[in-house]
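Trainee: Mind looking at a prediction? Sequence and model below.
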Amino acid sequence: MRNNNRAGLIVKKLKAFLPENKTSLNYRDPFELLTATILSAQSTDQTANRVCVDIFKKYKGITGIAEANLREFQKDIYPSGFYRLKARNIIAAANIILKRFKGRVPGAWMNSLVCPGLDARLPISSSQACLRPLKASRLTHM
């Protein structure tokens with residue numbers, strides 16, 4: 001069997017097994033999803049959603065977060081756990097996205113990996129939900 005045929009068969013079977021690719025994270029744009037995804041690591045999606053509502057009221061978009069005071073931002077995301085590391089990573093990711101990608105969350109998986117706080121599966125989750133939906137995989141929290 002040729003690799004293309006085999007890959008197609010695998011994708012078809014995965015689609016049948018995992019027909020929906022929905023996230024329980026609430027977001028209005030790719031940066032909000034990226035932020036919520038980082039916040040939900042080692043936490044629940046419900047907690048990340050609650051924290052996101054508050055921070056996106058206080059900080060207006062990616063620029064507001066990029067300019068945020070680190071200590072104040074840490075206090076704002078405290079309920080999500082690991083708040084020191086997450087705050088540093090979210091602020092750094094916002095700055096990288098503003099400077100390197102002109103304020104747009106990169107759609108390419110490899111470009112997303114330059115953002116602190118992301119590992120190989122988080123950019124896939126963000127791009128699937130916002131940019132190029134692929135229904136064949138799903139991010140699950142352990």
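Mentor: Cool, got the structure.

Trainee: now for the one helix or strand residue 91 maps to, which elements pack on it?
Mentor: For residue 91, the enclosing helix or strand under DSSP states H and E is helix 83-100. Contact analysis of helix 83-100 by 3 or more Cβ pairs under 8 Å, 6 or more residues apart in numbering; DSSP states H and E lists helix 30-40, helix 61-66, helix 70-77 as its packing neighbours. All C-beta atoms are positioned from the backbone trio N, CA, C, and that covers glycine.

Trainee: who does the last one touch, helix- and strand-wise?
Mentor: Yep, that's helix 70-77 we're talking about. helix 45-58, helix 83-100.

Trainee: can you rerun that using 6 Å?
Mentor: Identification of packing neighbours for helix 70-77 by 3 or more Cβ pairs under 6 Å, 6 or more residues apart in numbering; DSSP states H and E yields helix 83-100.

Trainee: Tell me the buried residues in the helix it packs on?
Mentor: Within helix 83-100, the residues that qualify as buried are 83, 86, 87, 89, 90, 91, 93, 94, 95, 96, 97, 98, counting by 16 or more other Cβ atoms under 10 Å.

Trainee: Make JSON lines from those and add distance to residue 59 and pLDDT to it.
Mentor: Formatted as JSON lines, the entries for those read as follows, by distance: Cβ to Cβ, whole Å; pLDDT from 0 to 100:
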{"residue": "83", "distance to residue 59": "15", "pLDDT": "95"}
{"residue": "86", "distance to residue 59": "14", "pLDDT": "95"}
{"residue": "87", "distance to residue 59": "12", "pLDDT": "96"}
{"residue": "89", "distance to residue 59": "15", "pLDDT": "92"}
{"residue": "90", "distance to residue 59": "10", "pLDDT": "94"}
{"residue": "91", "distance to residue 59": "10", "pLDDT": "95"}
{"residue": "93", "distance to residue 59": "13", "pLDDT": "90"}
{"residue": "94", "distance to residue 59": "9", "pLDDT": "94"}
{"residue": "95", "distance to residue 59": "13", "pLDDT": "94"}
{"residue": "96", "distance to residue 59": "16", "pLDDT": "91"}
{"residue": "97", "distance to residue 59": "14", "pLDDT": "90"}
{"residue": "98", "distance to residue 59": "13", "pLDDT": "93"}
